[in-house]
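Engineer: no sequence on this one, just coordinates:
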């Protein structure tokens, strides 16, 4: 289990065909992959969170079912713009993420201006 520090997450996976048939692999991925929003006190909250007083004890509700979207045959442009709109797009992405998504040590490395 993992908790993201950002508002947006890009997740990739890889699997292999079984006897040249993708169906059993797809069903296995759908059955075993669970992706849902984290709620303090909900599924995935550690005992330490409760002991530290950061989460309230109560009835834990089941997270919503994970929804899979079929992407086979969908055309996607992954090439970023080559003009100034690239920086506008980059700014929008940065502004939509919390300042705490990187710890100060990492921010110092990646954001150091020489």
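Structural biologist: Sure, I can see it. Since we're looking at a predicted model, the values are computed, not measured.
Engineer: Got phi/psi on residue 21?
Structural biologist: Per-residue torsions, residue 21: phi -120, psi 120 (degrees, to the nearest 10).
Engineer: Start at 33, not 1
Structural biologist: Okay, residue one is now 33; in that scheme the one you just asked about reads as residue 53.
Engineer: For it, give the beta-bridge partners.
Structural biologist: Bridge pairing for residue 53 (DSSP bridges) gives the partners residue 50.
Engineer: neighbours around it, how many?
Structural biologist: The number of residues packed around residue 53, counting by other Cβ atoms under 10 Å, is 9. Yep, even glycine has a C-beta here, placed from its N, CA and C like the rest.
Engineer: Equivalent analysis for the one 5 residues further on, please.
Structural biologist: Around residue 58 there are 13 other residues, counting by other Cβ under 10 Å.
Engineer: Name the nearest residue to residue 73, sequence neighbours excluded.
Structural biologist: Nearest non-adjacent residue to residue 73, counting by Cβ to Cβ, 6 or more residues apart in numbering: residue 87, 4.1 Å away.
Engineer: just checking, that neighbour touches residue 81?
Structural biologist: Yes. At 4.2 Å, residue 87 and residue 81 qualify as touching, with contact defined as Cβ atoms under 8 Å.
Engineer: between those two, what contacts are shared?
Structural biologist: Both residue 87 and residue 81 are in contact with 72, 73, where contact means Cβ atoms under 8 Å, 6 or more residues apart in numbering.
Engineer: Neighbour count for the two, which is higher?
Structural biologist: A side-by-side neighbour count of residue 87 and residue 81, using other Cβ under 10 Å, places residue 87 first with 17 against 14.
Engineer: What is the three-state secondary structure of the more buried one?
Structural biologist: Assigned state for residue 87: coil (three-state reduction, DSSP: H, G, I helix; E, B strand; the rest coil).
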